[in-house]
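Chemist: what follows is a predicted structure for the sequence shown.
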Amino acid sequence: MSVEINWIDFGYVFFAALIGAVAIVVFYSLGLRMLVRAGRIPVVSPAEFTDAITVLTDKEIRRAEKQAAKAAKKSPLTDAQKMLAFVAAIGCFILCGLAVLGGIALIVIGH
């Protein structure tokens, strides 16, 4: 029994996966950047895992939230520019979600 690999098709799949992964990372990071520019700095309380990550205390979380609010007030952007940045951030996150759903659809129902 012999297995033959079609290297051209393998290359197509490899480069499509590479481009898809890069696109998702770029749009996600751009979305986070636009979210920060809009003055909506994400402050996330970490989950508690033993020996996995550093857990912030409530005092450290409050301090980070206060610093985020202070930085948002110092933004040189107008309210219209902040709204545009927020809309761009939401658009980037939607593109990320659509790329992921498209990949899942290709795996589940595509050939």
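Modeler: Received, thanks.
Chemist: contacts, neighbours, all on C-alpha from now
Modeler: Noted.
Chemist: residue contacts, the most centrally placed residue in the chain?
Modeler: Of all residues in the chain, the one closest to the mean position by CA atoms, centre = their mean is residue 28, 2.7 Å from it. Contacts for residue 28 were tallied using CA atoms under 8 Å, 6 or more residues apart in numbering; they are 92, 93, 96.
Chemist: out of these, who's nearest residue 105?
Modeler: residue 96 (14.2 Å; CA to CA).
Chemist: which pLDDT does the model give that closest one?
Modeler: Residue-level confidence at residue 96 comes out at 93, pLDDT.
Chemist: how many residues are close by the closest residue to residue 96 other than its chain neighbours?
Modeler: Sequence neighbours aside, residue 24 is the residue nearest to residue 96 in space, at 5.3 Å (criterion: CA to CA, 6 or more residues apart in numbering). Using other CA atoms under 10 Å, residue 24 has 19 neighbouring residues.
Chemist: from residue 98, how far out is residue 24?
Modeler: 10 Å (CA to CA, to the nearest Å).
Chemist: is residue 75 in a helix, a strand, or coil?
Modeler: The three-state label for residue 75, taken from DSSP: H, G, I helix; E, B strand; the rest coil, comes out as coil.
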